[in-house]
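Chemist: pasting the sequence and the predicted model now:
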Amino acid sequence: MRPCLGYLAGLGLTLLAVGLCNALFFSPADWQQGENVRIMYIHVPMAWLGSACYAALAVCGILSLVWRHPIADLAAIEIGPIGACATALCLLTGSFWGKPSWGAWWVWDARLTSMLVLFFLYLGHITLIRAFDDPVRGQKAAAILAIIGIIDLPIIKFSVQWWNTLHQPASLTLTKAPTMAMTILVPLLLCALGFTLCTAALIGGRLCARINERRFNRLLTQEETL
């Protein structure tokens, strides 16, 4: 598995380098937002990763509670902090983007508020999974929170359709043609794919290290009992 993670990280970094190079030097500025639109190449992938990582947490929670899968709990421990960082970067870059566009660092917009709720859900999951002396209790409590919190993801996705918000609607959907030029869309997709592959490699590497650590501790316990 480790060699595959290396290739995955290498491919992700390559796509990310190409995407960011195009985004910064070759992609045109927006006619309304000017150069500030380049924040999008970080903001949008972080928003995607924040939601995707939480969906993965919910899947791990189901695998843990229903099938008692031991790897699911270990994966949840590693996914939580990475998803929280992605969500925090999404909120931070959104503030930098919103200041020149809306005239404020923060507004209680439906999309922004639901994304902030997602960040707090991550913090709650990270806290719960480490809050008990008995790891099983912490993992169970965190799994329940992850499953309950999944309701926030469709709110994030459809908030711009359900309410009158300042946040612009999605420019890329599965049912309609993209509303942005290819010179903007291609580097955006490259950045999103690059960040996704790098995140998958990071989570996989941390999970492998966590599994090896558990095996090592188990061997030490067996030697002490002998």
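Modeler: On my side now, so go ahead.
Chemist: and the protein, what are its domain boundaries?
Modeler: Following automatic domain parsing, one gets these domains for the chain: 1-28+181-226, 38-164.
Chemist: what about the longest helix in the chain?
Modeler: The residue-count maximum for a helix in the chain (DSSP state H) belongs to helix 182-225.
Chemist: what mean pLDDT does that helix get?
Modeler: Confidence for helix 182-225, expressed as mean pLDDT, is 88.
Chemist: now for it, which elements pack on it?
Modeler: helix 2-21, helix 40-67, helix 70-102 (3 or more CB pairs under 8 Å, 6 or more residues apart in numbering; DSSP states H and E). C-beta here means a position set from N, CA and C on the backbone, and glycine is covered the same way.
Chemist: check which residues of whatever helix or strand comes next after the last one are buried.
Modeler: Where DSSP states H and E defines the elements, the next helix or strand beyond helix 70-102 is helix 110-128. By 16 or more other CB atoms under 10 Å, the buried positions in helix 110-128 come out as 110-119, 121-122, 124-126, 128.
Chemist: just want the angle from helix 110-128 to helix 70-102.
Modeler: Angle between the axes of helix 110-128 and helix 70-102 is 150 degrees (criterion: axes from the mean of the first three to the mean of the last three CA atoms, to 10 degrees).
Chemist: what's the angle between helix 110-128 and helix 40-67?
Modeler: Using the same axes, to 10 degrees: helix 110-128 against helix 40-67 is 50 degrees.
Chemist: how about Ala55, what does it touch?
Modeler: Ala55 makes contact with 150, 153, according to CB atoms under 8 Å, 6 or more residues apart in numbering.
Chemist: how close does it get to Gly83?
Modeler: For Ala55, the distance to Gly83 equals 9 Å [CB to CB, to the nearest Å].
Chemist: Gln33 now?
Modeler: As for Gln33, its distance to Gly83 is 28 Å (criterion: CB to CB).
Chemist: the two: which has the busier surroundings?
Modeler: Gly83 (27 against 14; other CB atoms under 10 Å).
Chemist: correct me if wrong: that one contacts Leu57.
Modeler: Yes: Gly83 is within contact range of Leu57, at 6.7 Å (criterion: CB atoms under 8 Å).
Chemist: got a list of what Pro81 touches?
Modeler: Applying CB under 8 Å, 6+ apart to Pro81 gives the contacts Ile126.
Chemist: re earlier: any chance of the helices and strands packed on helix 182-225 in a markdown table, with mean pLDDT too?
Modeler: Listed next are these as a markdown table, based on pLDDT from 0 to 100:
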| stretch | mean pLDDT |
| --- | --- |
| helix 2-21 | 91 |
| helix 40-67 | 95 |
| helix 70-102 | 93 |
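Chemist: what sits against the residue lying closest to Cys198 once chain neighbours are set aside?
Modeler: Excluding the flanking residues, the one nearest Cys198 by CB to CB, 6 or more residues apart in numbering is Gly12, at 3.8 Å. Shown in contact with Gly12 (CB under 8 Å, 6+ apart): 193-201.
Chemist: nearest to Asn212, of those residues?
Modeler: Using CB to CB, Ala201 comes nearest to Asn212 of the contacts of Gly12, at 16.5 Å.
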